[in-house]
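J.: Let's see this in three dimensions:
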Amino acid sequence: MTTDPSEPDRAPEPERPDRPVPDVTPAEPTSPTVPDVPPGPDIPDVTPADPEPEIEPGPVVPDVTPAEGVRAPTIEEITGYTEGGVPTFDSVRDKIEKRLGTAMGAEELARETEPARTLDEEFEDRKKAAADKLAEIRRSVSS
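T.: Okay, here's the model as predicted:
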């Protein structure tokens with residue numbers, strides 16, 4: 001920018017760029033700048049794909065014909081209880097097997113921890129010491 005010393009009250013005019021400036025709000029001094037992005041490659045024209053043929057809507061009738069030898073499950077088989085509210089043998093057995101499996105799995109996981117291994121080793125040491133003491137007592141009694 002230049003100021004003309006002959007006209008002191010007049011405001012200086014901004015410099016005119018060689019190219020026209022787009023109509024944008026000027027950036028603040030603290031705003032980040034965006035680098036110029038070069039134009040991308042030309043993309044050739046692609047012919048559109050044929051649209052899928054429309055299917056005429058019709059009444060939807062589910063196939064409910066039972067297969068030969070297949071029967072619907074009874075209410076007892078579904079719920080595990082009789083109409084009188086008594087649990088069936090199969091449902092009780094399934095519950096017991098599930099609880100047993102859960103308990104065995106929990107025990108197996110618990111044995112894999114470091115404190116459990118330490119307790120097992122201490123138990124084995126005490127068991128060996130007890131067997132040794134018993135053998136010593138038997139020797140002293142028989143002599």
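J.: Do a quick rundown of the helices in this protein.
T.: For the chain, helices defined by DSSP state H occupy the ranges 75-79, 89-111, 114-142.
J.: which stretch among those helices comes nearest residue 29?
T.: The closest of the helices of the chain to residue 29 is helix 114-142. By C-beta to C-beta, the value is 61.1 Å. For the C-beta atoms, the positions are set from N, CA and C on the backbone; glycine is no exception.
J.: and the helices of the chain, which one is worst for confidence?
T.: Here the helices of the chain differ in mean pLDDT, and the lowest is helix 75-79 at a mean of 85.
J.: who touches it?
T.: Residues outside helix 75-79 that contact it (C-beta atoms under 8 Å, 6 or more residues apart in numbering): 82-83, 88, 90.
J.: do that again at 6 Å, thanks
T.: Under the contact criterion C-beta atoms under 6 Å, 6 or more residues apart in numbering, helix 75-79 has outside partners 82, 88.
J.: returning to that earlier point: make TSV out of the helices of the chain and add distance to residue 28.
T.: As requested, the helices of the chain are exported to TSV (distance: least, C-beta to C-beta, whole Å):
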stretch	distance to residue 28
helix 75-79	70
helix 89-111	61
helix 114-142	60
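J.: Span of stretch 47-67 from start to end?
T.: The straight-line separation of the ends of stretch 47-67 (C-alpha to C-alpha, to the nearest Å) is 49 Å.
J.: Could I get the average pLDDT for it?
T.: 72.
J.: Tell me how this structure divides into domains.
T.: Domains of the chain are assigned by automatic domain parsing as 76-112, 114-143.
J.: Buried residues, the shortest one. List them.
T.: It stands for domain 114-143. Buried residues in domain 114-143, counted by 16 or more other C-beta atoms under 10 Å: none are found.
J.: Could you do the first one as well?
T.: The neighbour-count criterion (16+ other C-beta under 10 Å) identifies residue 91 as the buried residues of domain 76-112.
J.: that older thread, tell me which of the domains of the chain lies nearest to residue 69.
T.: Nearest of these (C-beta to C-beta): domain 76-112, 16.6 Å.
J.: quick revisit: turn the domains of the chain into TSV, columns for distance to residue 69.
T.: Supplementary listing: these in TSV, determined by distance: least, C-beta to C-beta, whole Å:
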stretch	distance to residue 69
domain 76-112	17
domain 114-143	52
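J.: Alright, I will stop here.
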